[in-house]
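> Kindly return the folded structure for what I paste below:
(chains A, B, C, D, E and F)
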There are 6 protein chains.
Amino acid sequence: MTKQFVVISAHVGDFVWRCGGAIALHTQNGYRGTIVCLSYGEMGESARLFADPEMTAAKARAIRRQEAQAAAEALGADIVFLDGTDYMLRVTEQMLMTTAEILRQTQPEFILTHPAADPSNLDHVTAHNFALEARMVAQAHGRPGGPVIGAPQVYSFEPHQSELCGFKPDTLLEITSVWETKRKAMECLAGQKSLWDYYENVGLQRGAVARRRQKQVAGSRVYAEAFQKIFPSAVEFLG
Amino acid sequence: MTKQFVVISAHVGDFVWRCGGAIALHTQNGYRGTIVCLSYGEMGESARLFADPEMTAAKARAIRRQEAQAAAEALGADIVFLDGTDYMLRVTEQMLMTTAEILRQTQPEFILTHPAADPSNLDHVTAHNFALEARMVAQAHGRPGGPVIGAPQVYSFEPHQSELCGFKPDTLLEITSVWETKRKAMECLAGQKSLWDYYENVGLQRGAVARRRQKQVAGSRVYAEAFQKIFPSAVEFLG
Amino acid sequence: MTKQFVVISAHVGDFVWRCGGAIALHTQNGYRGTIVCLSYGEMGESARLFADPEMTAAKARAIRRQEAQAAAEALGADIVFLDGTDYMLRVTEQMLMTTAEILRQTQPEFILTHPAADPSNLDHVTAHNFALEARMVAQAHGRPGGPVIGAPQVYSFEPHQSELCGFKPDTLLEITSVWETKRKAMECLAGQKSLWDYYENVGLQRGAVARRRQKQVAGSRVYAEAFQKIFPSAVEFLG
Amino acid sequence: MTKQFVVISAHVGDFVWRCGGAIALHTQNGYRGTIVCLSYGEMGESARLFADPEMTAAKARAIRRQEAQAAAEALGADIVFLDGTDYMLRVTEQMLMTTAEILRQTQPEFILTHPAADPSNLDHVTAHNFALEARMVAQAHGRPGGPVIGAPQVYSFEPHQSELCGFKPDTLLEITSVWETKRKAMECLAGQKSLWDYYENVGLQRGAVARRRQKQVAGSRVYAEAFQKIFPSAVEFLG
Amino acid sequence: MTKQFVVISAHVGDFVWRCGGAIALHTQNGYRGTIVCLSYGEMGESARLFADPEMTAAKARAIRRQEAQAAAEALGADIVFLDGTDYMLRVTEQMLMTTAEILRQTQPEFILTHPAADPSNLDHVTAHNFALEARMVAQAHGRPGGPVIGAPQVYSFEPHQSELCGFKPDTLLEITSVWETKRKAMECLAGQKSLWDYYENVGLQRGAVARRRQKQVAGSRVYAEAFQKIFPSAVEFLG
Amino acid sequence: MTKQFVVISAHVGDFVWRCGGAIALHTQNGYRGTIVCLSYGEMGESARLFADPEMTAAKARAIRRQEAQAAAEALGADIVFLDGTDYMLRVTEQMLMTTAEILRQTQPEFILTHPAADPSNLDHVTAHNFALEARMVAQAHGRPGGPVIGAPQVYSFEPHQSELCGFKPDTLLEITSVWETKRKAMECLAGQKSLWDYYENVGLQRGAVARRRQKQVAGSRVYAEAFQKIFPSAVEFLG
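Sure thing, here's the model as predicted:
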């Protein structure tokens, strides 16, 4: 049976910047990933598009959707659009049920989503709560849509300003082997070009810490992504 | 090369109640463990011994040392006594250097010790800081005693009152396979008989949570110990 | 005038496992308790019922309601069902007004409910906020339904995983004298048999700490429940 | 261009007690302030009005509105009423869009609102989240209503019980020069006379700390208000 | 048997401003209080004394000691001076043993001391840790000086800047009945005259909250002191 | 009168990586800075030096001292060496008195030092506490060494792993205008070449956030350093 995982992302960009490496790494190692994208980020992430005076929200949505599709393909994962509007994102019961059904069908090993707090972007908070709600609904008996799920780990991925969001990484995932793939996926997001180098830097900074923890040779170029577990994990050994 | 680990314990009882299962599990799976025992706990852990009106601190130390030796043997680990006095435990530069040397010689995969806070038992706080100091000294260049160590993970083990100590477990280690060994080690501590069942209960409570996380059959009797990582860990996969 | 208290519980099981002892203790000492039960927990707490392939959500609701009624009777308290659906629990303005009216009519000495956070069960978070909202509505002037209430203390009761929920108990209530009653109430919940012993253990663990604080004889079998105050309390003496 | 600021206040009283000094100080120094008042506080802040048996909610609203208008005038700021009902305050999409438009039109230097938590008054939490949401909507491209705003600082003002609300002041604003104005504004709120001296005391207590930080002569009568920044601020010098 | 309590105070002023009301209230109700005063505060609390150019540290100590003695008498408690020097306070093993002996002899119902953190005054942190250490030493078997103590509650009293010190009051003690006594004790500290009114205000502010919690008539003049429990307390009833 | 500031740094590298920009910026704008360097970091920061098999601790100290001197000159500040040994750093009463005297002589506008926590490097914690102690001693009356100081702000500068150290930046200082100077100072530390680019990246990441807060043109290359205030600051205006 193929191991699966699910990503729940408020906007298009989030799944690329914050866990694109994790998606690529796991898919290249035999996992199957499904990205649930709650909105297209056409309001909050598209300043560059709106520099064009002809731009409209509808056009921006279409462009962003294409970019997201391309990025997901580059990473090797399926993507499902739930068609929400961002800034402010409002989720519906329908979106929740669809996501719970995806969780039941995929029986994921783990779920990736936003941290619990982000005062600069409440859409992220909405997505976090939505992910935990969908997990609960997928655990509930007496509903259609396949067998209930167990208790998969939920990881918060790294927000834009970690300390502002109370994000305290406890898990560093080395993504050096898939770095080129992540970079390619980032470059699918033409509307946010200014962030490509920014997030390359983030990858290097996290990599510098991961390298030391893994006793790798100083000087090598290592990339990593940072995550925070929501639940305790059950392990077989401590080291 | 044998994988090794080091336990830094304020009193005799601590390494048994709080991580005896982890010690037994790893030693039965080929790791070699070294317990650094800072004091004998003759003041703070020996109420039952002092019920004997003939008891003296010196006698209590001797009895506790024997019990600790027996418990360490039952668990399969080496034990080093640093001869401190408890309630209040005061550590010396000599104790620190000895421990740093042990870390250099063993090059441990991980270190187990007390959490950072415990208002009801400041000896535990002293041991926590001592463990972090010894790790630093063992990382420093320009000192004798073998090659420097890398950056081994430090796990806090579970204190008596977890919430009072700000202990938030992120790692549950199933110890069902070595439960009988841990129980036997606990029973070496004749002076603290009242705690045997208490810590058996703790094992079952943590096991109930671990079981769910590992999708085990409800109803089976599962034991676990809870730990909290101090540093982020670098992993190869998320699940 | 009879002293009263109100319990606000997300699911049927919660008021039994988490504060059944407090309910029994106070009712046996002349208080009158009212349990507001927001849902029947037929989705999230009824895995055992759904092992029966004939089971439906409607049947599960009916069974759970009966069990809850029996448990409330065993504990000696009134119970009011607000007929919500769990996993995910959604509360309505009507449910809020009904609860506020109960608060006005009972003028409770204290309110018991869930802690503010629980990432594994957002229904509990919903119930917590609902309880604080109902308290506010009952404090507001210019509404029908009896005189406004003062500022009754709200206690959080113990969640399933205390550290995960940021639960830090500040109040231990000894319930040894009513333990048999609590056990009987737990046994009314036939669908959750696996939890009976689990919560007996919780009672003993909390009792072990309470015993020491009350200078009771070691060895005696003491049960307690743990609570956390939301507001500061005004006292006449400190000890 | 006139520098502007916006205050988002759950009830009438809040903008007076908690940041009346800041409003007066900035308006007397050339800023223009706009107060967005979400409700009239006729339910939760008007116990004194309801001592009159003829009082109704509608009458209380009218009185409170007049008082608020007078207080805003005393402070020198504009006030916009969004006509919500308090205890419990429910905000609407319409209220949100109106506020976002005000933010776009005023392009404020900073925003003042309630802290993120207040277990005794969830209306304050609602107002806090509402303020952050309005800020986001005003930052979103592709919407009518003027140019998007930048990233203005948001300050939490002081709640009634600071420690209960996790309020940790990092900014003390001396308001001695406008104290008489603030006192006059407070006295516009005839229905809450009991709070006038209370908040004069708060001003003096905060002033005592601010005085020491500013090296002022001990003994002088200094008033201050306390604030907590939500976001980091970019500065030119550190002192 | 007379109920007893012990206060551990870094400087002379602390026991007066922070818990003078609690001392007076309990002594006037039959408790016996012992104040352990670690230093005279001649360095950090005596700016006014040093306005006299003839002042020396030795003279300041003598004056402060007299003032402290007078204040303790006014409050009705014994006072023991441990003769430390403040700013920076350094505690010795001898001071610790003396205090542990006092705890054994008095077998206190509760202990009052400083909170765990205070970045503006590390002497307070030293006193907090010292109090917890003395409690541990007094709990240890095998030492001379009387029977071991149980597990008395430790209350932190209110620091100068509560939020800066992470002080979150959970217990409000009304001290209206002994207010005149506390004021008189404050006035014994002639060198800190500027603080008398400041701490009268603190008493009124805390009183305003306590009054509401105790359903007292609005408008009455109520004084209170605020405390935070370090350990959970075992209670017989919740309200 | 020249405005002054003081930096208290555990090791040589710290004042360069963590606040070299702040030092250069203020000195180039007329402030005078004094760096108090507690140790040379010859144990913990000099892995590269010890790659030379002839290296000794004494040689490493001498090299590091020279590097530090050069870096301080590049930044334009005075530097005082207190000659401590690192890993583990132990501070003495003499070091404390010397630092307090420097504070009295310079009467600094602000102090820069390490954050309160760093589990990976307790020398930083020692330096933080040392800075707060020196500030207290410099505030104490009755001591020689010049007039007492007021209550200067203390800023924590950014540690290596911000989230691990509980560092939450509230102040971003743009250092673009002095970036070349900081880079030059970093390059004085030849033994830590691997960190030059790492800290250039940190500067850019913090700059990206600061830029947005200051409404600067996207795309420009902005550098910043991040700080956290320990005490509330008294301000004249909020924005």
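> Count the neighbours of residue A:51 for me.
Residues lying near residue A:51 (other C-beta atoms under 10 Å in any protein chain shown) number 10. Where C-beta positions appear, they are placed from N, C-alpha and C, glycine not excepted.
> Report all helices and strands that the helix or strand bottoming out on mean pLDDT in chain A contacts.
Scoring the helices and strands of chain A by mean pLDDT, DSSP states H and E places helix A:196-213 at the bottom, with a mean of 93. The helices and strands touching helix A:196-213, judged by 3 or more C-beta pairs under 8 Å, 6 or more residues apart in numbering or on different chains; DSSP states H and E, are helix A:12-28, strand A:171-174, helix A:179-187, strand A:224-229, strand B:233-235, helix F:194-213.
> List the buried residues for stretch A:33-52?
By neighbour count on 16 or more other C-beta atoms under 10 Å in any protein chain shown, the buried set for stretch A:33-52 is A:33-50.
> Now do the contacts for the residue nearest the centre of chain A.
In chain A, the C-alpha nearest the mean C-alpha coordinate belongs to residue A:15, at 3.3 Å (C-alpha atoms, centre = their mean). By C-beta atoms under 8 Å, 6 or more residues apart in numbering or on different chains, the contact list for residue A:15 reads A:7, A:9, A:23, A:35, A:37, A:71-72, A:112.
> Between these, which sits nearest residue B:78?
Distance to residue B:78 across the contacts of residue A:15 (C-beta to C-beta) is lowest for residue A:112, with 41.7 Å.
> what's the distance between that closest one and residue D:213?
Remark: distance between residue A:112 and residue D:213 (C-beta to C-beta, to the nearest Å) = 44 Å.
> okay, those two: which has more neighbours?
residue A:112 (29 against 19).
> Hmm, residue A:19 and that one touching each other?
Yes - contact criterion C-beta atoms under 8 Å: residue A:112 and residue A:19 qualify, at 5.0 Å.
> what sits in contact with each of those two?
Common contacts of residue A:112 and residue A:19 (C-beta under 8 Å, 6+ apart): A:7, A:157, A:227.
> From the residues you listed, pick the one nearest chain F.
Within these, proximity to chain F (C-beta to the nearest C-beta) peaks at residue A:227, which comes in at 12.0 Å.
> ok, stretch A:46-63 near chain D or not?
Yes - applying C-beta under 8 Å from any C-beta of the partner chain, one finds stretch A:46-63 touching chain D at A:46-47, A:49-50, A:55-57, A:60.
> And for residue A:54, the neighbour number?
Other residues within reach of residue A:54, judged by other C-beta under 10 Å, total 6.
> ugh, typo on my part, it should be residue A:119
Each residue near residue A:119 was counted by other C-beta under 10 Å, and the total is 20.
> Checking it next. Helix, strand or coil?
Assigned with DSSP: H, G, I helix; E, B strand; the rest coil, residue A:119 falls in the coil class.
> How about residue A:59?
Residue A:59 is classified as helix under three-state DSSP.
> Turn the shared contacts of residue A:112 and residue A:19 into TSV, columns for neighbour count.
Listed next are those as TSV, based on neighbours: other C-beta atoms under 10 Å in any protein chain shown:
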residue	neighbour count
A:7	28
A:157	25
A:227	28
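> Just give the number of residues close to the residue nearest to residue A:91 when sequence neighbours are not counted.
For residue A:91, ignoring the flanking residues on the chain, the nearest one in space by C-beta to C-beta, 6 or more residues apart in numbering or on different chains is residue A:130 at 5.0 Å. When neighbours are defined as other C-beta under 10 Å, residue A:130 has 23 of them.
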